[in-house]
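Engineer: Let me see the structure of the following:
(2 chains)
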There are 2 protein chains.
Amino acid sequence: MKKAVILLSGGLDSTTCLAYAKSKNFDCYALSFNYGQRHQAELNAAKSIAAHFNAEHKIFDLNMHQFAGSALTDIVMDIPAYNENASAIPTTYVPARNTVFLSIALAWAEVLKAKDIFIGVSAIDYSGYPDCRPEYIKAFQHLANLATKVGVEEGGIEIHTPLINLSKAETINLGLQLGINYAMTVSCYQASEHGHACGKCDSCTFRKKGFSALKANDPTLYQV
Amino acid sequence: MKKAVILLSGGLDSTTCLAYAKSKNFDCYALSFNYGQRHQAELNAAKSIAAHFNAEHKIFDLNMHQFAGSALTDIVMDIPAYNENASAIPTTYVPARNTVFLSIALAWAEVLKAKDIFIGVSAIDYSGYPDCRPEYIKAFQHLANLATKVGVEEGGIEIHTPLINLSKAETINLGLQLGINYAMTVSCYQASEHGHACGKCDSCTFRKKGFSALKANDPTLYQV
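Structural biologist: The predicted model follows:
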């Protein structure tokens, strides 16, 4: 079995990505980050999800508070409510987040001698983060093959983005076909300690719309 | 003054790089990593050097021991002695190191609204690490401009590599012209607690040869 590193936040997208990698017969190594997010609920979810899918799981400590400047890591700032007409990059942006996360995934992949990395980014129903676009992923794959022993000496590293062209509804549909119980996942930017979602932030809004568009039952636990 | 993030290990190259950035009138933010290296001597050196050059200094905790598999971070393995005929990538390679370090430098740059990052890599007198080559740096710069708010919305991020085409002797010559006292710097892979160098590893060998080729006094403190 080929080894793969899967970035796993514990949210809907990364969980679908893990289930997809398993369905393609990869030996999965799930990587989560304790990067100073507001709540531990998504890390708890990631732990349960990795165990459910029989994947080795590592939670990597990476204190991004050292570089405050984003609503997601700076607890002083408020999370903005969803705004349909927002075009600028939102303040929930974490500086260079996917670059940092993919780099550390690459380091683990090199140690494991894995050539495959999965990340659940989507360029469709997303919040305007620049590091979710196909050209960004392509650039990272190019870099990875120049950067590492496994890339240079042993051939191609591949960054897999199975969700990149899927809408949220299509992602949910894929996940349901793969047997995911989405009640396990936490997408909310400001979930409660027990993983109950606010229902108002960007991430909750995209998720709700996805279930609604699919006319599927939304198993998310919302705060009352 | 333009802000710049400078990767500073406390060794000869990164110190020269910092002195160079200062000479070009950048407002310098020096970034070091506590990544599980064998000794603290280079971090102590980095601290003194940053203070000497009046640069803000951050030591970022990043426990790479979590991904053991390189002599530099795995204290169980021996550091290989210098081998002139070695062609393979040496075991002192730290998985994806420059990619991880540059990514975190990029995160800090974005928070600081800095568009300039300096890294003291050289493609001349080096140990065969793939992430020291010009094509790698070019790929990272391309990625950085796709990855970040500052790259996408505010124009180009530049990765500066003033030493990339310099031999070790030329780097030392540049540093001496910039007034560096190289006794402050620690290059050795296995320096003593007080920063005394082994004189035998790759890094010591390149450094010694540099001073020798330049017929300059080598102020390095060696272990007896």
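Engineer: Just the strands from chain A, written as ranges.
Structural biologist: Taking DSSP state E to define them, one finds strands in chain A at A:3-7, A:27-34, A:56-61, A:116-118, A:158-160.
Engineer: A:M64 contacts A:N34, correct?
Structural biologist: No. Look at A:M64 against A:N34 with CB atoms under 8 Å: they stay out of range, at 9.6 Å. All C-beta atoms are positioned from the backbone trio N, CA, C, and that covers glycine.
Engineer: Could you report the neighbour count for A:A123?
Structural biologist: A:A123 is flanked by 17 other residues according to other CB atoms under 10 Å in any protein chain shown.
Engineer: brain fart, A:A144
Structural biologist: 27.
Engineer: ok so, going back, minimum distance to chain B: which of the strands of chain A has it?
Structural biologist: Proximity to chain B (CB to the nearest CB) singles out strand A:56-61 among the strands of chain A, at 6.2 Å.
Engineer: which stretches of chain A have low pLDDT?
Structural biologist: Within chain A, the segments meeting pLDDT under 70 span A:38, A:68-94, A:125-128.
Engineer: quick revisit: what about A:M64 and A:N34, which has more around it?
Structural biologist: A:M64 (25 against 13).
Engineer: now the more buried one: how far from A:F33?
Structural biologist: Distance of A:M64 to A:F33, given as CB to CB, to the nearest Å: 8 Å.
Engineer: What residues does A:E110 make contact with?
Structural biologist: A:E110 makes contacts with A:148-150, B:69, B:95-96, as judged by CB atoms under 8 Å, 6 or more residues apart in numbering or on different chains.
Engineer: most surrounded residue in those residues?
Structural biologist: Busiest of the contacts of A:E110 [other CB under 10 Å] is B:A96, holding 30 neighbours.
Engineer: what residues are up against A:E56?
Structural biologist: Counted by CB under 8 Å, 6+ apart, A:E56 has contacts A:28-30, A:50.
Engineer: Just put these in CSV and tack on distance to chain B and neighbour count.
Structural biologist: Formatted as CSV, these follow (distance: CB to the nearest CB, whole Å; neighbours: other CB atoms under 10 Å in any protein chain shown):
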residue, distance to chain B, neighbour count
A:C28, 17, 26
A:Y29, 11, 24
A:A30, 14, 28
A:A50, 16, 24
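Engineer: Show me which pair in those residues is furthest apart.
Structural biologist: A:Y29 and A:A50 (9.2 Å; CB to CB).
Engineer: Next, show the common contact partners of those two.
Structural biologist: A:56-57.
Engineer: Would you agree A:R207 is in contact with A:T220?
Structural biologist: Yes. Judged on CB under 8 Å, A:R207 makes contact with A:T220 at a distance of 6.6 Å.
Engineer: Redo the contacts of A:E110 as JSON lines? Include distance to B:G175.
Structural biologist: Below are these laid out as JSON lines (distance: CB to CB, whole Å):
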{"residue": "A:T148", "distance to B:G175": "30"}
{"residue": "A:K149", "distance to B:G175": "30"}
{"residue": "A:V150", "distance to B:G175": "34"}
{"residue": "B:G69", "distance to B:G175": "33"}
{"residue": "B:P95", "distance to B:G175": "29"}
{"residue": "B:A96", "distance to B:G175": "28"}
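Engineer: Give the single residue among those positioned nearest to A:Y189.
Structural biologist: B:A96 (28.6 Å).
Engineer: neighbours of the closest residue to that closest one other than its chain neighbours, just the number please.
Structural biologist: In this structure, B:A96 finds its nearest non-sequential neighbour in A:A107, 3.9 Å apart by CB to CB, 6 or more residues apart in numbering or on different chains. For A:A107, the count of nearby residues is 27 (other CB under 10 Å).
Engineer: contacting residues around A:A107?
Structural biologist: B:64, B:67, B:95-97, B:99-100.
Engineer: Out of the residues you listed, which comes closest to A:D131?
Structural biologist: Of the contacts of A:A107, the one sitting nearest to A:D131 (CB to CB) turns out to be B:T99, at 14.3 Å.
Engineer: How about the contacts made by that closest one?
Structural biologist: A:103, A:106-107, A:143-144, A:147-148, B:131, B:140.
Engineer: and the gap between A:N25 and A:M1?
Structural biologist: For A:N25, the distance to A:M1 - CB to CB - is 6 Å.
Engineer: who has more neighbours, these two?
Structural biologist: The residue with more neighbours, out of A:N25 and A:M1, is A:N25; 10 against 7, by other CB under 10 Å.
Engineer: what about stretch A:157-172 and chain B, touching?
Structural biologist: No. On the criterion CB under 8 Å from any CB of the partner chain, stretch A:157-172 is out of touch with chain B, staying 10.3 Å away.
Engineer: Nearest residue to A:F211 in space, please, no chain neighbours.
Structural biologist: Here the nearest residue to A:F211 in space, its sequence neighbours aside, is A:D218; by CB to CB, 6+ apart that works out to 3.8 Å.
Engineer: ok, now A:S122?
Structural biologist: A:L163 (4.8 Å).
Engineer: Tell me which residues touch that neighbour, please.
Structural biologist: A:13, A:16-17, A:120-122, A:171, A:174.
Engineer: among the residues you listed, which ones are buried?
Structural biologist: For the contacts of A:L163, a burial check counting by 16 or more other CB atoms under 10 Å in any protein chain shown picks out A:13, A:16-17, A:120-122, A:171, A:174.
Engineer: and of these, the nearest to chain B?
Structural biologist: Using CB to the nearest CB, the buried ones among the contacts of A:L163 come closest to chain B at A:V121, 11.9 Å.
Engineer: For that closest one, which non-adjacent residue is spatially closest?
Structural biologist: A:C132 (4.2 Å).
Engineer: How many residues are close by that neighbour?
Structural biologist: There are 21 residues near A:C132, going by other CB under 10 Å.
Engineer: any idea how far chain B is from it?
Structural biologist: Here A:C132 is placed at a distance of 10 Å from chain B (CB to the nearest CB, to the nearest Å).
Engineer: That residue contacts A:G120, correct?
Structural biologist: No. A:C132 is beyond contact range of A:G120, at 9.7 Å (criterion: CB under 8 Å).
Engineer: can you point me to the longest helix in chain A?
Structural biologist: If you go by DSSP state H, chain A has its longest helix at helix A:97-112.
Engineer: Quick check: the gap between the closest residue to A:I172 other than its chain neighbours and A:S48.
Structural biologist: Taking CB to CB, 6+ apart, and ignoring the residues beside it in sequence, A:I172 has A:G210 as its nearest neighbour in space, at 4.9 Å. To A:S48, A:G210 is 21 Å away according to CB to CB.
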